[in-house]
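Student: Structure, please.
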Amino acid sequence: MSKMKKTTASNPDVTTTAVSDTRDLCHQYERHVVLDHIVPIDAAPARTCFEAISSSLRDKLAQQWLRTQQTYDRENPKRVYYLSMEFLIGRTLLNNITNLGVESDIAKSLRQNL
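Tutor: So this is what the prediction gives:
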């Protein structure tokens, strides 16, 4: 991840870096609209804009994740792992079933097939 310093009068290069990042993100956005959706920028519907922004941010995050992984590989830091019940697949499945309101249908299907 690039290290960003506070913008100060004595540190003008930070402003240039921030502007460069903004321009790069705008370029990525336009590229995703045109190349992924084959739509002119000025005619892109809201959904296309949303997807292009999401893709642009994903691209930026992927680059940062790769740099982070390279740092981990190089420096071999200690890591702490945390497992939360909310992220277990069975729990997610149950939440999705509940949120969709299909508990009785699923229960009935399971009783018939087990």
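Student: Mind listing what's buried along the longest helix belonging to the chain?
Tutor: Assignment by DSSP state H gives helix 46-75 as the longest helix of the chain. By 16 or more other C-beta atoms under 10 Å, the buried positions in helix 46-75 come out as 48, 49, 51, 52, 55, 56. Bear in mind the C-beta positions are built from the backbone N, C-alpha and C, glycine included.
Student: can you give me phi and psi for residue 24?
Tutor: For residue 24, the backbone dihedrals (degrees, to the nearest 10) come out as phi -60, psi -40.
Student: residues in contact with it?
Tutor: Counting by C-beta atoms under 8 Å, 6 or more residues apart in numbering, residue 24 makes contact with nothing.
Student: Quick check: the gap between it and residue 57.
Tutor: Residue 24 is 12 Å from residue 57, where distance means C-beta to C-beta, to the nearest Å.
Student: before we move on, back to that, would you pull up how far the following helix or strand past the longest helix of the chain lies from the middle of the chain?
Tutor: Using DSSP states H and E, the helix or strand that directly follows helix 46-75 along the chain is helix 89-100. Its chain's C-alpha centre and that of helix 89-100 lie 22 Å apart, by C-alpha atoms, centre = their mean, to the nearest Å.
Student: buried ones in helix 89-100?
Tutor: Under 16+ other C-beta under 10 Å, helix 89-100 has no buried positions.
Student: how does this structure divide into domains?
Tutor: If you go by automatic domain parsing, the domain ranges for the chain are 1-78, 80-114.
Student: Now do the last one, average pLDDT.
Tutor: Per-region confidence: domain 80-114 scores 73 on mean pLDDT.
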